[in-house]
Structures are given as C-alpha cells and as structure tokens.
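Colleague: here you go, sequence then predicted model.
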There are 2 protein chains.
Amino acid sequence: MTYADTPQPPYYAAIFSSAHTGAHENYAEDTETVLELAKNHPGFLGVEATGDDDLSIAVSYWESDDTIRAFKQLAEHLVIQKRGRDTYYRSYKMRIARVERDYGFNA
Amino acid sequence: MTYADTPQPPYYAAIFSSAHTGAHENYAEDTETVLELAKNHPGFLGVEATGDDDLSIAVSYWESDDTIRAFKQLAEHLVIQKRGRDTYYRSYKMRIARVERDYGFNA
C-alpha cells in the first residue's frame, strides 16, 4: 500500500463515495483514463481508492478547489462522468474538503 | 448502501486510510466498540467505510474539528488506538478536513 504523497496541509480532498450497478464493461478502462487525466492535470497530488460494488471510496488530493473544479469540466472527463451516471453508478456522493492537518503511523 | 447523513456544509471529515497486518483477532469487536463510542459522542454525523487488508478507507463526519479532537482523547478510544498501532495496522494516515461543498447522484 502506498498512500498519496500529499504535502504539508493545507490542500484539498475530493471524497467520492459510490455504489455500483454491477455493470463493469468499460469501467476499468474509464477508471484508468480518468486517473491518467488526473495525473496530467495541474494541481493533482494523488489518490487513494478502495472498496467494492456496495461501497467504493476514492479520495483524490488536489492543491486547491479551483483545480478540482477545472478537472471536473474537462471534456473527456465529462463524457466519462455521464457514462458513470448512465451505467456504472446506482448512486454517489462527492464531498470537497480542505485538509487542515494530518498525521500517520508506520509499524 | 447508505451514505452518512451529513448536513449542509460546512462540517468536518476525518479521512482514515490504513493498511492492515492481517491480525484480525478482536479487530471486529474493537471496530464495533469505536463505532458505538462515536455514535454516542457529541458532534458525530456518520461514517462510511470500505476496503480490504491492503487498503481500507473510513471517513467519519463531524460537526467540528474540536469534536474530532475530543473523540480521539476518549480513554476507551486511546486503548483501542494503541492496539491498532501494536497489532492491527502496518501503517495508517489520518487527514482532518473541512467539507466546504458536496453533491450527489441517485439513479
């Protein structure tokens, strides 16, 4: 496991919780495309994602809310977001948050 | 899947990413105890958690950072946190963030 290599706070988190329909055709490819778009987008710091069809959580980290808003509006991303609502997701919830402090542990 | 029933922002998120050792004895009981302590603690709004031994993400939601700090210092919680570092977790990362906006989708 490698955590997102985030800097000293403050930075931003986009917390995406979702429940899947179970329709997985093209899902892995679309997820990979969105990840590549993010990695090439200004302000992207990293992502941690896990879960299953019942509940997945993906938290992506960003330098600012402006960079999150810009990433959401990318044309190629909008197409995949629509496919998400039409096909992949029963529901989702997105929360945009400013990370104020963090700490960690390594055995 | 039921999402945490969070109010209109602002509110706070405690984003807990962890990698497990695989030592699961007492883990389910301790997780249940921490959840019950949280549910009975002032400021707790809800939690969403998913994942596996390689990466779990649990995001708990709170009215304020003060309520998050108070919950961390509960005596019974401190005992379980120590058991986490001694036994359950290879590593973890906690990020405390102020949720500024949110939106969602239901099919």
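Modeller: Ah, there it is.
Colleague: separation between the residue minimising distance to the centre of chain A and A:Glu25?
Modeller: Against the mean C-alpha coordinate of chain A, by C-alpha atoms, centre = their mean, the closest residue is A:Ser60 at 4.3 Å. Applying C-beta to C-beta, to the nearest Å, one obtains 24 Å for the distance of A:Ser60 from A:Glu25. To be clear about C-beta, it is placed using only N, CA and C from the backbone, and glycine gets the same treatment.
Colleague: picking up where we left off before, do the helix or strand containing the residue nearest to the centre of chain A and chain B meet?
Modeller: Applying DSSP states H and E as the criterion places A:Ser60 in strand A:56-62. Yes. In terms of C-beta under 8 Å from any C-beta of the partner chain, part of strand A:56-62 sits within range of chain B, namely A:56-57, A:59.
Colleague: in chain A, which residue sits furthest out from the middle?
Modeller: Most peripheral residue of chain A (C-alpha atoms, centre = their mean): A:Ala107, 27.3 Å.
Colleague: what's the nearest residue to it if we skip its chain neighbours?
Modeller: Taking C-beta to C-beta, 6 or more residues apart in numbering or on different chains, and ignoring the residues beside it in sequence, A:Ala107 has B:Arg90 as its nearest neighbour in space, at 5.1 Å.
Colleague: again, but for A:Glu63
Modeller: A:Gly43 (4.0 Å).
Colleague: with that, I have no additional questions.
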